[in-house]
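In: Below is the sequence, then the predicted model.
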There are 2 protein chains.
Amino acid sequence: MPRAGLDPTAVVAAGAALADEVGIAGLTMGLLAERVGVRTPSLYKHVGGQEDLNRRIAALALSEAADAVGGAVQGYAGRDALVAAARAFRAFVLEHPGRYAATIGLEPSGPDDPLATASERLLDAFTAVLRGYDIAESDVNHALRMLRSLCHGFATLQAAGGFQWSTDIDESFEWLIAFTDRGLRAL
Amino acid sequence: MPRAGLDPTAVVAAGAALADEVGIAGLTMGLLAERVGVRTPSLYKHVGGQEDLNRRIAALALSEAADAVGGAVQGYAGRDALVAAARAFRAFVLEHPGRYAATIGLEPSGPDDPLATASERLLDAFTAVLRGYDIAESDVNHALRMLRSLCHGFATLQAAGGFQWSTDIDESFEWLIAFTDRGLRAL
DNA sequence: AGCTTTTAGCTAACGACGTTAGCCAGAGCT
DNA sequence: AGCTCTGGCTAACGTCGTTAGCTAAAAGCT
């Protein structure tokens, strides 16, 4: 019986890809094992179990999201940066709904939890956007939370099919970004 | 063996309450059966299964949320209405995180699905808030989606423990409402 | 009241899934 | 070559959702 040459990284990557296809709820150990060409129990040589797998997928997702947002913002400031960041974030969630869904409802276990550091990196990317506006120090955290709530809420609602009427969703998103930009500049 | 006197409504109500206690993921048929004083298979006399139960809990949650928001808005307009609606919505989600979580990722099966009507009622309540502002007809849907994204995003992030730093969360929420109010009035 | 029909509860059983235990062979090192 | 480590396997168990089929309580009818 030839070896499959797996390691934790490969398993997590495959799990994330599978989650994007079948949804985080449909991600089963058996399905993942089949996908990577191995029997179910063998997965436990690489990840601690389903909860551990979920956490690792979430950390990967947040890290990738941070890269996407951070990269998109490069070279822009103010409104352009906000637009780029918001679009990049939403695009990421829509392209990878499963792995992003894995991030919901998880608490980092400690300061050196990969989940915490990835989450911080994503926040830092958004913080960089806010630096392009004239925001009082005391307002930065509030603005950051608002930005995060907006992006998270919009993206997850759309990914879940939560917007029902026919009004164009992309248009709504651009409208929402413009609205936020005006508000931030008026601070 | 005396009867327990259950009906679908009672089962769904108990399920929603249980979901608030143990989380939607921890809501198991066995646990619910024990809670209502019956063996697991008996639940299937009242609900079609776990998915059906989930949908019914979601419909209940949306209906209750619509009542809460609609009631809170009564007699207010403009900023006061926005504040009342947003607070009522967030309070509902924080008090009933489990049943609200049941609403995520569900698509109504048709126009007479209770889920659809409840969802519409909630949207109507927020639409009423927007009527207190001077918003162009073409912008109403965008503004509605923004409001929904904001409330949904903020409430779910907080319910999931997603805000890490020490800045006061209530304060952030009030800041966010004020920000939105200013933006809406500037339209 | 007595008879019939419906139905809400039960036990038994199955299938899917996550997980653990324990074995074995391939890969790498000395 | 031989030793060790490790990544794969099979077997088995527990939990959970679900279905089938039985029975007794309730409800309806005459």
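Out: Happy to help now that I have it.
In: Low-confidence stretches in chain A?
Out: A:1 (pLDDT under 70).
In: Next, the contact list for residue A:56, please.
Out: A:8, A:12, A:15, A:47, A:114 (C-beta atoms under 8 Å, 6 or more residues apart in numbering or on different chains). Quick note: C-beta positions are derived from backbone N, CA and C, even for glycine.
In: Run a quick neighbour tally on the second one.
Out: What it means is residue A:12. 23 (other C-beta atoms under 10 Å in any protein chain shown).
In: try the first one
Out: Look at residue A:8: counted by other C-beta under 10 Å, it has 15 neighbours.
In: same check, this time on residue A:93
Out: 23.
In: Please look at it and residue A:100 and confirm they touch.
Out: Yes - at 4.7 Å, residue A:93 counts as touching residue A:100 under the criterion of C-beta atoms under 8 Å.
In: which residues are in contact with both of these two?
Out: A:65, A:155, A:156, A:159.
In: Not counting residues beside it along the chain, what's closest to the residue in chain A that chain B sits nearest to?
Out: Nearest residue of chain A to chain B (C-beta to the nearest C-beta) works out as residue A:153 at 2.4 Å. Among residues not flanking residue A:153 along the chain, residue B:153 sits closest, at 2.4 Å (C-beta to C-beta, 6 or more residues apart in numbering or on different chains).
In: what do you get for residue A:91?
Out: Closest to residue A:91 by C-beta to C-beta, 6+ apart is residue A:68, at 7.4 Å.
In: My guess is that neighbour contacts residue A:88. True?
Out: Yes - counting by C-beta under 8 Å, residue A:88 is a contact partner of residue A:68 at 4.8 Å.
In: who touches stretch A:2-11?
Out: Taking C-beta under 8 Å, 6+ apart as the rule, stretch A:2-11 contacts A:32, A:36, A:37, A:38, A:42, A:43, A:45, A:46, A:47, A:53, A:56.
In: Work out the gap between it and the centre of the chain.
Out: 25 Å (C-alpha atoms, centre = their mean, to the nearest Å).
In: can you tell me the distance between the two ends of that stretch?
Out: 17 Å (C-alpha to C-alpha, to the nearest Å).
In: Contact residues of chain A facing chain B?
Out: Selection of chain A residues close to chain B by C-beta under 8 Å from any C-beta of the partner chain yields A:104-108, A:116, A:119, A:139, A:141-143, A:145-146, A:148-154, A:156-157, A:160-165, A:167, A:169, A:171-172, A:175-176, A:179-180, A:182-183, A:186.
In: Can you say which of the contacts of stretch A:2-11 are buried?
Out: A:32, A:36, A:38, A:43, A:46, A:47, A:53, A:56 (16 or more other C-beta atoms under 10 Å in any protein chain shown).
In: what packs against the host helix or strand of residue A:91?
Out: In the assignment (DSSP states H and E), residue A:91 maps to helix A:78-95. Applying 3 or more C-beta pairs under 8 Å, 6 or more residues apart in numbering or on different chains; DSSP states H and E, we find helix A:78-95 packed against helix A:50-73, helix A:114-130, helix A:137-159, helix A:169-185.
In: what angle separates whichever strand or helix holds residue A:11 from helix A:50-73?
Out: Assessed by DSSP H and E, residue A:11 sits inside helix A:8-22. Per axes from the mean of the first three to the mean of the last three C-alpha atoms, to 10 degrees, the angle that helix A:8-22 makes with helix A:50-73 is 80 degrees.
In: quick one, the helix or strand just after helix A:8-22 and helix A:50-73 angle?
Out: Downstream of helix A:8-22, the first helix or strand assigned by DSSP H and E is helix A:29-36. Between the axes of helix A:29-36 and helix A:50-73, defined by the same axes, to 10 degrees, the angle is 60 degrees.
In: Which of the residues in helix A:29-36 are classified as buried?
Out: A:29, A:32, A:33, A:36.
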